[in-house]
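Engineer: Coordinates for the following, if possible.
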Amino acid sequence: MKKFQPQPGFVVQAYRFALDPNATQEHALRSHCGAARAAYNWAVGWVTASWWQRHAEETYKIPEESLTEWRPWSLPSLRKAFNEAKHTDPRFSAWWE
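Structural biologist: Numbering: from 1, shown residues only. Prediction:
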């Protein structure tokens, strides 16, 4: 891997922080990280399910125009789809709020 070399005339400054949360803050941090991971896993599963569905349909020689539509995987479209799913999907509806 290439080592970082600052451009001439630039100053590189870095800070290192140690988190020392109390019990309430630690719970909030863990909750946030867990929710982010759950949302990420949902998005990966949602997009790959569409891919596998199309792949299976192609093996059955279904015409291109009749295949399941691709699910968009841009950040805005994933965010919109997840915001709809988190209220109806039983994996999230009980604890997401």
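Engineer: which helix of the protein spans the most residues?
Structural biologist: Taking DSSP state H as the assignment, the helix of the chain that covers the most residues is helix 23-59.
Engineer: That one: what's the following helix or strand?
Structural biologist: Reading on from helix 23-59 to the C-terminus, the next helix or strand found by DSSP states H and E is helix 75-88.
Engineer: and that next one, which residues are buried?
Structural biologist: Burial within helix 75-88, assessed by neighbour count using 16 or more other Cβ atoms under 10 Å, is assigned to Leu78, Ala81, Phe82, Ala85, Lys86. (Each C-beta comes from the backbone N, C-alpha and C, glycine too.)
Engineer: OK, contacts around Trp42?
Structural biologist: By Cβ atoms under 8 Å, 6 or more residues apart in numbering, the contact list for Trp42 reads Phe82, Ala85, Asp89, Arg91, Phe92.
Engineer: Name the nearest of these relative to Arg30.
Structural biologist: Phe92 (17.0 Å; Cβ to Cβ).
Engineer: CA atoms only for the helix or strand encompassing that closest one, dumped as CSV, please.
Structural biologist: Applying DSSP H and E as the criterion places Phe92 in helix 90-93. Extracted as CSV, the C-alpha positions of helix 90-93 are listed here (Å, rounded to 0.1, in the frame of the first residue of the first chain):
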residue,chain,number,x,y,z
PRO,A,90,-41.5,-7.7,12.1
ARG,A,91,-37.7,-7.7,12.5
PHE,A,92,-37.7,-4.0,13.1
SER,A,93,-41.2,-2.8,14.1
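Engineer: Quick one: neighbours of Ala43, just the number.
Structural biologist: Under the neighbour criterion other Cβ atoms under 10 Å, Ala43 is assigned a count of 19.
Engineer: isn't it right up against Ser74?
Structural biologist: No - Ala43 lies out of contact with Ser74 (Cβ atoms under 8 Å); the separation is 10.9 Å.
Engineer: Point to the residue nearest the middle of the protein.
Structural biologist: In the chain, the C-alpha closest to the average C-alpha coordinate belongs to Tyr40, at a distance of 2.7 Å (Cα atoms, centre = their mean).
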